[in-house]
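S.K.: Please work out how this folds:
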Amino acid sequence: MTIKRKIMRDFQIEEISAVDVPAQAHAKMVIMKRADDHEEPDMNLTKIASFDTFDDAVAAIAKAESCPRHKAMSKAAARHPDLYDSFQREGEEQIAKRVDEARKAGAMPQAARNWDILVGAIADRDKCSRTEAMRRARREDPEAFAAFQAL
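M.R.: Next up is the predicted model:
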């Protein structure tokens, strides 16, 4: 039995989804992309590559594009937001752990304790990350921030 094929040529793709079992077993699709007139074609596979960690993505981009680490970090954050979010959360957890250790050891100066309490209160109040709470605390209480920075 010969299957009659229809070729679609004039349409706009709104969404592409990948499935494990297609609805049309014999259907095939080819997607082509072309650069705008003002853009160079970008054949860089680091945009679509899969990495285990944000640091892996940064290292691959820095190597593939011969750019400094800080630029590779910006590119990696834009291309791999899930890894960047995970990287940020890990950093916040490490900071919180070190603050707790310093607090328990009694090694934290008063200005640092005050700053930590302020940041924690803002994070709880606004239901935001400690990173965002620090930004807000700096704006809300510049004197506490200055005392913390003076340490």
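S.K.: In this protein, what helix or strand scores lowest on average pLDDT?
M.R.: Least confident element among the helices and strands of the chain, by mean pLDDT, DSSP states H and E: helix 81-105 (a mean of 82).
S.K.: Give me the residues contacting the helix or strand that comes right after it.
M.R.: Moving toward the C-terminus from helix 81-105, the first helix or strand encountered (DSSP states H and E) is helix 110-126. Identification of contacts with helix 110-126 by C-beta atoms under 8 Å, 6 or more residues apart in numbering yields 99, 102-103, 108, 128-130, 132-134, 136-137, 140-141, 144-145, 147-148, 150-151. C-beta: built from backbone N, CA, C; applies to glycine.
S.K.: Using neighbour counts, pick out the buried residues of helix 110-126.
M.R.: Taking 16 or more other C-beta atoms under 10 Å as the basis for neighbour counts, the residues of helix 110-126 that come out buried are Ala111, Ala112, Asn114, Trp115, Asp116, Leu118, Val119, Ile122, Ala123.
S.K.: How about stretch 73-93?
M.R.: So, applying 16+ other C-beta under 10 Å, buried residues of stretch 73-93: Met73, Lys75, Ala76, Ala77, Arg79, His80, Leu83, Tyr84, Phe87, Glu92.
S.K.: nearest to Ala64, of the residues you listed?
M.R.: When these are ranked by distance to Ala64 (C-beta to C-beta), Lys75 comes first, at 10.0 Å.
S.K.: That closest one is in contact with Arg69, isn't it?
M.R.: No - distance between Lys75 and Arg69: 10.6 Å, which falls outside the contact criterion (C-beta atoms under 8 Å).
S.K.: Report how many residues lie close to Arg138.
M.R.: The local packing of Arg138 (other C-beta atoms under 10 Å) involves 17 other residues.
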